[in-house]
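1. show me how the following folds:
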Amino acid sequence: MTPLDHLPSLALETFTPDTYQRLFNHLRQALQSVTTQWSDDLGKTLRLSQDRFALGHDLVQLRTRLTRRVQLVSHPSLPAEARDSFTKQTAEDIARSQQQIVDHIQRQANEGHLSRTEAEGMLDVVREHSFEAVMAFAANSAGQRVVAAPLREVNPTEAPGSKRWRKIRPFTARGDE
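-> Sure thing, here's the model as predicted:
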């Protein structure tokens, strides 16, 4: 994956209007190509995910690819007007995709393909792995990408199988505790 942190800063004076037009057309075409492939993969995920665990796994994979798109369109090297326009369009696309997933799961439940319990579980997974959260992973002001996604805090008493969790004694070198 090409790092984004060494892209040159572009000001309105950097190129002629025709050159910017060609550059942004190429960028739009590249984004459209990536979006089309991503949408196809989302459709496949919705068709093939039979349970909430498979759905969660696939949503995480799809989010990873969306993050890269967000980092590119929000890159500080782009002129502010272009960056704002691309970022707004990306946010709208992501919100639309998020709603399509919710609608699909609700339709599956209404048609009897999923029980209410299964549908609610899958909707919980969709909310937990929201695509809209990737908007927080825009490139920072230096153009560097966010390296690691923050993990959701889990209260061990509420974690699955928490009754099986046991307190582990700290290890000591003497081994007498």
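2. find the nearest non-adjacent residue to the residue nearest the centre of the chain, please.
-> Residue closest to the mean C-alpha point of the chain, counted by C-alpha atoms, centre = their mean, is Arg63 at 2.7 Å. Distances taken as C-beta to C-beta, 6 or more residues apart in numbering put Val134 closest to Arg63, at 5.6 Å, once the chain neighbours are dropped. C-betas here are computed from N, CA, C, even on glycine.
3. quick one: the helices in this structure?
-> Remark: helices assigned in the chain by DSSP state H are 17-48, 52-73, 80-110, 116-128.
4. which one of these is the most hemmed in?
-> helix 52-73 (a mean of 18; mean count of other C-beta atoms under 10 Å).
5. what pLDDT, on average, does that helix get?
-> For helix 52-73, mean pLDDT is 88.
6. if we can go back for a sec, which residues touch the residue nearest to Arg63?
-> Neighbouring residues of Val134 by C-beta atoms under 8 Å, 6 or more residues apart in numbering: Arg63, Leu66, Thr67, Val70, Ile94.
7. likewise Leu31?
-> Residues counted as contacts of Leu31 (C-beta under 8 Å, 6+ apart) are Arg69, Leu72, Val73, Phe86, Thr90.
8. can you rerun that using 10 Å?
-> By C-beta atoms under 10 Å, 6 or more residues apart in numbering, the contact list for Leu31 reads Arg69, Leu72, Val73, Phe86, Gln89, Thr90, Asp93.
9. what's the nearest residue to Ala119 if we skip its chain neighbours?
-> Excluding the flanking residues, the one nearest Ala119 by C-beta to C-beta, 6+ apart is Ala109, at 3.6 Å.
10. what separation do you get for the one you found and Leu7?
-> Using C-beta to C-beta, to the nearest Å, we find Ala109 at a distance of 45 Å from Leu7.
11. surely Lys45 touches Gln100?
-> Not Lys; residue 45 is Thr. No: the criterion here is C-beta atoms under 10 Å, and Thr45 misses it with Gln100 at 11.2 Å.
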